[in-house]
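K.L.:
could you look at this predicted model? Sequence included:
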Protein chains: 2
Amino acid sequence: MNETMEEVVMKTERTAKMYEELVALCAQAGEVGSSIESIGWDQHVMMPRGAKSVEVRGRESSALSAVHHGLVTSPRIGELLQSIEVATLSEAEAAQVHEIQEMYKRAVGVPTELVAQITKLATEAEMAWRKARSNNDFASFQPYLEQLVALKREVARCIDPNNSEPYEVLLQGYEPGMTLDKLDEFFASIRAVCVPLIREIASRPKPDVSILRKEIPMELQLAYNKMLAALLGYDFENGRLDTSTHPMTCGFGRVTNRYTNGWLSALLGTAHEVGHGNYCHNLPLEHYGTPLGTYRSLGVHESQSLLMERHIAKSYAFWQGNFRHLQAMYSPVLNGVTLEQFYQAVNLVEPGFIRVEADELTYTMHIILRYEIENALMDGSLAVRDLPQVWNRKMKELLGIVPPNDTLGCLQDIHWTDGSFGYFPTYTLGAVGAAKLFAGAEAQVPTLERDITQGDLSSLNSWLKENIHQHGCRYSSDELYRLATGSELTVGPYLEYLTEKFTNLYKL
Amino acid sequence: MNETMEEVVMKTERTAKMYEELVALCAQAGEVGSSIESIGWDQHVMMPRGAKSVEVRGRESSALSAVHHGLVTSPRIGELLQSIEVATLSEAEAAQVHEIQEMYKRAVGVPTELVAQITKLATEAEMAWRKARSNNDFASFQPYLEQLVALKREVARCIDPNNSEPYEVLLQGYEPGMTLDKLDEFFASIRAVCVPLIREIASRPKPDVSILRKEIPMELQLAYNKMLAALLGYDFENGRLDTSTHPMTCGFGRVTNRYTNGWLSALLGTAHEVGHGNYCHNLPLEHYGTPLGTYRSLGVHESQSLLMERHIAKSYAFWQGNFRHLQAMYSPVLNGVTLEQFYQAVNLVEPGFIRVEADELTYTMHIILRYEIENALMDGSLAVRDLPQVWNRKMKELLGIVPPNDTLGCLQDIHWTDGSFGYFPTYTLGAVGAAKLFAGAEAQVPTLERDITQGDLSSLNSWLKENIHQHGCRYSSDELYRLATGSELTVGPYLEYLTEKFTNLYKL
């Protein structure tokens, strides 16, 4: 069919108008979502804990969530998505529409009753899990987990009935475009390198880490962490650093930290959250609330936090120029500690039962274990009742240790109690991405190492802003990594980084 | 027409169902409104001031306001209000429906374009006002005020075309049920008593108030004000006391204060906001977001704050038993000051140009002036251009002083820049209500004065909760005062209180 010039112009104009409406609807939903995050920040950081205060907040959150759900599933969005002629849009606009389409598909795909069923079950499952964990009684949690697995399989089927791998569908909710094939390949390579490395390190003498248990007065820690955040480029004009039970980034790039796990953990927590916070602050504000103004994926978000935590706050380069300030601020507690001793303590490798306490080398083993188990639960090759046994076997394979009970084993994480299957791998995708991006920045910013040693993170942060932050969801993760570093996300830089770092550290 | 029993039952059931739906819709709107307040609290107290942070908050607020407007003007509410058979409801339910009806009438009555026009004008008018105030240039603000008067007259006409007094319609937006006749009567009585009283006091020697200018370290002020709030019954399990530019109560009963106007102003500010906060905390939570769970009116809200501020924190009874703690906490600054000296300083009467700096006796004169001017602007008997001249004449009549310029005169308040005509009288209704309620409590709680002297506010707070707070909008203001004190709101107790207090204080 031949279109006249006039027809083409009309079609373009019609689409331009519809595009504008679509983006406005999406932005409104996003802004309501942003409000939910803002009151969530308040809830974690500021809200009084009395029953009335909690009830009012619960009512506010529920009302806003209902409004948000109504907005993201609005039939008008569906109509506009159907009618827009993508061919007449710019590339950025087409990307915007594609992302809204994906979001809409996931939002409307799952029946409201199924969502409600899971929400209800999740509340009960969390209570059951808390009890099971404290009683070391997996059997009492088992029926909840069985139901959650069944319901989440149903969710996956609703979203993408053509994908025979329900786990892949769930994973893509956190990490759009990621496949199980690719993850399998990543984890196999990581396993092949890290398991022997960890075993080797375990046979070496353990460095002296007694300095980590020293007490530092709270006001000095608050001051140092504030300074560290600002050194790492955190924008205090548009953000805040507060104290909460768990470190987090929430609201518009606001970060929190905790000081209950020792001064080193606090310091690394600050660096980690600053990585997240910087990403939030640098997303393009003109697209706020829409995909073009939103972080690419959880894995990419985690790449930003782990880059700051591992490639800066655990790096020799950074502490070479900045340890003296830490030592001075915390004086006299760290007096007499050498840079080398400090660097060794910061990078201690030690297999343990608990994921959240793991170091960067063993952490990924905890993720591999969970990935394999989640995947097997979802494809039906593992029954929930066999979970504890499989957990312990895999712990032995991966880390050479077996938890003495399920409380320190398969009952340690809260994630499965609300059916967040597919979330865990994003931690490793973040670690792999951080190494990939840091290698990319090193290749492109000649002064990088010197800048970091001098405590000047501006060259790194400019690079991250330009190559990652400013793009929002403009590109897929694959494209994003390719544009930033010349190639897709690969596991090579991560393994090289780990091997070099720990070979040197432990003189292997 | 005779209805069969069956018909009556069916009608009752139908209405019960519709009532439930109506209340749920109203509660959702109220909960979104509550969320707007919560992020408003954050904006005033916690939000970083950078441009991005401000922009994101602006987007959140706009999105939620649009959602809120959609909810409160939902046609479904109109349908339900039309169809519900009020006769089959309980009295409380009927009150609920009546209040929703009033709210709905005001919400849908004003065309969206008119609201938008005023919002836009208000932004410009505020900027013009700031400039005019700093340049002492009323003429440059005059055209904005003229437009605001015209538009708000139009608003009043839209809401209630049958009321020939547009000002009364606007007033009732803040104080449902209040009439100009009643206000005229109140203000005439107040004027007759207070103007001579103020003149008399001005002729007496001024007490020594040099202690008010002493500096108290911030950390001691924070500690004392925290203790004072708790003594006055503030619920810290469900609330917080923070510092902000202006004292306020916002979010679920959270209060703020400022410490920039001296330690006495801070202390009175705490008492004032605690009065507001206690009201919020004691509203019935099961009706949260609906009229039955909402404060009765601005005047009643202000009666709670002024009761705490004036009848407690400015009372001899309270300080008789509690001055020693203040003196101890602020020691040595208040050493050697007697209770009488302190009480006199706290209750200094001194005519001044600025409303927000006025004492409790002269404050009402500032309100009378504004009431008369607003009223005349609205009924057309005063032209905006004549405002400065009328302002100064009234200042002379009421307080015996004339501001040297408009900056200290008719340009001092922000209220008119967004067309909040009818708001000012609620301050005085609060003062009158506070005296009325305090007299009621005195009559019904025999131990009241002794309790207050001992710093035990629980008997007063129980009385307020039972007689005012728990009722929300269950009763009209008239009924509320009648149920609590045996008669409607009258100005008598207020005038008796002022006369007795200041006659004694100044030995008139």
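P.N.:
Ah, there it is. Model, not experiment: these values are computed from the prediction. Numbers count the residues shown, from 1 in each chain, chains lettered A, B, ... in the order given.

K.L.:
where do the helices sit along the stretch 401-508 of chain A?
P.N.:
A:425-444, A:448-453, A:458-467, A:477-485, A:492-505 (DSSP state H, counting those that start in this stretch).

K.L.:
how much space between the residue lying closest to residue A:505 once chain neighbours are set aside and residue A:225?
P.N.:
Spatial nearest neighbour of residue A:505, chain neighbours left out: residue A:347 (5.7 Å); criterion: C-beta to C-beta, 6 or more residues apart in numbering or on different chains. C-beta coordinates here come from the backbone N, C-alpha and C atoms, glycine included. Applying C-beta to C-beta, to the nearest Å, the value for residue A:347 to residue A:225 is 20 Å.

K.L.:
ok, residue A:390 next?
P.N.:
With C-beta to C-beta as the criterion, residue A:390 and residue A:225 are 40 Å apart.

K.L.:
tell me who's in contact with the residue of the stretch 51-200 of chain A found nearest chain B.
P.N.:
Chain B sits closest to residue A:63 of the stretch 51-200 of chain A, with a gap of 3.5 Å, by C-beta to the nearest C-beta. Applying C-beta atoms under 8 Å, 6 or more residues apart in numbering or on different chains to residue A:63 gives the contacts B:27, B:28, B:31, B:32, B:34, B:35, B:289.

K.L.:
try it again with 7 Å
P.N.:
Applying C-beta atoms under 7 Å, 6 or more residues apart in numbering or on different chains, we find residue A:63 in contact with B:28, B:31, B:32, B:35.

K.L.:
can you list the residues of chain A near chain B?
P.N.:
A:28, A:31-32, A:34-35, A:38-39, A:42, A:46, A:48-50, A:52-53, A:55-56, A:59-60, A:63-64, A:66-67, A:235-240, A:252, A:281, A:285, A:288-289 (C-beta under 7 Å from any C-beta of the partner chain).

K.L.:
any idea which helix or strand carries residue A:256?
P.N.:
strand A:254-257 (DSSP states H and E).

K.L.:
re earlier: how near is the residue nearest to residue A:505 to residue A:309?
P.N.:
Residue A:347 is 12 Å from residue A:309, by C-beta to C-beta.

K.L.:
neighbour count: residue A:390 and residue A:225, which is higher?
P.N.:
Set residue A:390 next to residue A:225 and count neighbours by other C-beta atoms under 10 Å in any protein chain shown: residue A:225 wins out with 24 against 17.

K.L.:
so the residue nearest to the more buried one when sequence neighbours are not counted, which state does it fall into?
P.N.:
Nearest residue to residue A:225, sequence neighbours excluded (C-beta to C-beta, 6+ apart): residue A:270, at 4.4 Å. Judged by DSSP: H, G, I helix; E, B strand; the rest coil, the three-state class of residue A:270 is helix.

K.L.:
residues in contact with residue A:270?
P.N.:
Applying C-beta under 7 Å, 6+ apart, the residues contacting residue A:270 are A:225, A:228, A:229, A:257.

K.L.:
and the nearest residue to residue A:458 once chain neighbours are set aside, how many neighbours?
P.N.:
Leaving aside its sequence neighbours, residue A:458 sits nearest to residue A:233 (C-beta to C-beta, 6+ apart; 6.8 Å). Neighbour count for residue A:233, taken as other C-beta under 10 Å: 22.

K.L.:
where does residue A:233 sit: helix, strand or coil?
P.N.:
Applying three-state DSSP: residue A:233 is coil.

K.L.:
that one touches residue A:279, doesn't it?
P.N.:
No. Using C-beta atoms under 7 Å, residue A:233 is not in contact with residue A:279, being 11.0 Å away.

K.L.:
just the element for the residue most central in space within chain A, please.
P.N.:
What sits nearest the mean C-alpha location of chain A, by C-alpha atoms, centre = their mean, is residue A:302, with 3.9 Å. Element membership for residue A:302 (DSSP H and E) is helix A:298-306.

K.L.:
only alpha carbons, please: show the following helix or strand past that helix as PDB.
P.N.:
Using DSSP H and E, the helix or strand that follows helix A:298-306 in sequence is helix A:316-329. Output in PDB follows, covering the C-alpha atoms of helix A:316-329 (Å, rounded to 0.1, in the frame of the first residue of the first chain):
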ATOM      1  CA  TYR A 316      44.600  -0.400  47.500                       C
ATOM      2  CA  ALA A 317      44.600   2.600  45.200                       C
ATOM      3  CA  PHE A 318      42.000   4.500  47.200                       C
ATOM      4  CA  TRP A 319      43.500   3.700  50.700                       C
ATOM      5  CA  GLN A 320      47.000   4.500  49.500                       C
ATOM      6  CA  GLY A 321      46.100   8.100  49.500                       C
ATOM      7  CA  ASN A 322      43.200   8.200  52.000                       C
ATOM      8  CA  PHE A 323      44.100   5.800  54.800                       C
ATOM      9  CA  ARG A 324      45.900   8.600  56.700                       C
ATOM     10  CA  HIS A 325      42.600  10.500  57.000                       C
ATOM     11  CA  LEU A 326      40.800   7.500  58.300                       C
ATOM     12  CA  GLN A 327      43.600   6.900  60.800                       C
ATOM     13  CA  ALA A 328      43.600  10.500  61.900                       C
ATOM     14  CA  MET A 329      39.800  10.700  62.300                       C
END
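
K.L.:
packing partners for helix A:316-329?
P.N.:
helix A:218-231, helix A:339-346, helix A:448-453 (3 or more C-beta pairs under 7 Å, 6 or more residues apart in numbering or on different chains; DSSP states H and E).

K.L.:
could you check the angle helix A:339-346 makes with that helix?
P.N.:
Here the directions of helix A:316-329 and helix A:339-346 differ by 100 degrees (axes from the mean of the first three to the mean of the last three C-alpha atoms, to 10 degrees).

K.L.:
can you tell me which residues contact residue A:379?
P.N.:
Counted by C-beta under 7 Å, 6+ apart, residue A:379 has contacts A:165, A:167.

K.L.:
now do residue A:20
P.N.:
Counting by C-beta under 7 Å, 6+ apart, residue A:20 has no contacts.

K.L.:
please repeat the previous calculation with a cut-off of 10 Å.
P.N.:
A:80, A:93 (C-beta atoms under 10 Å, 6 or more residues apart in numbering or on different chains).

K.L.:
repeat for residue A:98
P.N.:
A:81, A:86, A:89, A:291, A:473, A:476.

K.L.:
picking up where we left off before, what do residue A:233 and residue A:279 both touch?
P.N.:
With C-beta under 10 Å, 6+ apart as the test, residue A:233 and residue A:279 both reach A:308, A:464, A:465.

K.L.:
nearest spatial neighbour of residue A:31, skipping sequence neighbours?
P.N.:
Nearest to residue A:31 is residue B:63, by C-beta to C-beta, 6+ apart, at 3.5 Å.

K.L.:
can you report phi and psi for the residue nearest to residue A:458?
P.N.:
phi 100, psi 10 (degrees, to the nearest 10).
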